[in-house]
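In: just coords:
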């Protein structure tokens, strides 16, 4: 083997690795900048109001039956419905 070829290969390897490192460093820096800008300009979420829970007695009987059958089917009979709450 010729030593010129080895030096050329090492030089190409070092230049390639430095290029990749530099590009990754730039990408990470731009990502952090984007996160900081987004967090600085993001609107605050409105406070969550507490919605009173709907008791199972207030839930329609058909809805209760459908939910119970769906849970039974999905869990293979091992799951059960303890409470039904309206989320929105």
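Out: Cool, got the structure. Every value quoted in this text rests on a predicted model; they were computed, and no experiment measured them. Residues are numbered from 1 along each chain as shown.
In: How confident is the prediction for the residue most central in space within the chain, by pLDDT?
Out: By C-alpha atoms, centre = their mean, the mean C-alpha position of the chain lies nearest to residue 35, the distance being 14.9 Å. The pLDDT attached to residue 35 in the predicted structure is 94.
In: Same question for residue 9.
Out: 95.
In: Sticking with it, tell me its helix or strand.
Out: Residue 9 is located in helix 3-41, with elements delineated by DSSP states H and E.
In: What's the mean pLDDT across the helix or strand that that helix is followed by?
Out: Where DSSP H and E defines the elements, the next helix or strand beyond helix 3-41 is helix 61-75. Averaging pLDDT along helix 61-75 gives 87.
In: contacting residues around helix 61-75?
Out: Residues lying outside helix 61-75 but in contact with it, judged by C-beta atoms under 8 Å, 6 or more residues apart in numbering, are 56, 79-81, 84. Placement of C-beta: from N, CA and C, glycine included.
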